[in-house]
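J.: just coords:
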């Protein structure tokens with residue numbers, strides 16, 4: 001748990017410093033991007049499964 005928390009903090013810190021942003025806002029942006037990537041992945045796999053079922 002400590003390693004994961006430390007890694008997440010480091011990710012947020014690195015982006016915040018490089019983009020000159022506040023830590024809280026950066027954490028929100030990273031979290032939203034992670035959710036968006038997961039949704040894209042999920043939607044893509046559902047579309048692929050439906051397309052494969054139609055053309056099998």
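T.: That came through fine. Everything quoted here is computed from the prediction, not taken from an experiment. Residues are numbered from 1 along each chain as shown.
J.: host element of the residue minimising distance to the centre of the chain?
T.: Taking C-alpha atoms, centre = their mean, the centroid of the chain lies closest to residue 34, which sits 1.3 Å from it. Assigned by DSSP states H and E, residue 34 falls within helix 23-54.
J.: That helix - what's its average pLDDT?
T.: On average, the pLDDT along helix 23-54 is 81.
J.: number of nearby residues for the closest residue to residue 21 other than its chain neighbours?
T.: Nearest residue to residue 21, sequence neighbours excluded (C-beta to C-beta, 6 or more residues apart in numbering): residue 15, at 7.2 Å. For glycine as for every other residue, the C-beta is placed from the backbone atoms N, C-alpha and C. For residue 15, the neighbour count with other C-beta atoms under 10 Å is 15.
J.: Make sure residue 15 is actually in contact with residue 28.
T.: No - look at residue 15 against residue 28 with C-beta atoms under 8 Å: they stay out of range, at 11.3 Å.
J.: anything in contact with each of these two?
T.: Here residue 15 and residue 28 share no contacting residue, scored by C-beta atoms under 8 Å, 6 or more residues apart in numbering.
J.: what sits against residue 19?
T.: By C-beta under 8 Å, 6+ apart, the contact list for residue 19 reads residue 26.
J.: Can you tell me how far it is from residue 5?
T.: Distance of residue 19 to residue 5, computed by C-beta to C-beta, to the nearest Å: 22 Å.
J.: ditto for residue 37
T.: As defined by C-beta to C-beta, residue 37 lies at a distance of 21 Å from residue 5.
J.: May I see the buried residues of stretch 13-32?
T.: 16, 26, 27 (16 or more other C-beta atoms under 10 Å).
J.: Which helix or strand contains the nearest residue to the last one once chain neighbours are set aside?
T.: Take residue 27 and drop its neighbours on the chain: the residue closest to it by C-beta to C-beta, 6+ apart is residue 12, 4.9 Å away. In this assignment (DSSP H and E), residue 12 forms part of helix 2-19.
J.: Go ahead and measure how far that helix is from the middle of the chain.
T.: 14 Å (C-alpha atoms, centre = their mean, to the nearest Å).
J.: same check, this time on stretch 31-47
T.: Relative to the centre of its chain, stretch 31-47 is centred 8 Å away, using C-alpha atoms, centre = their mean.
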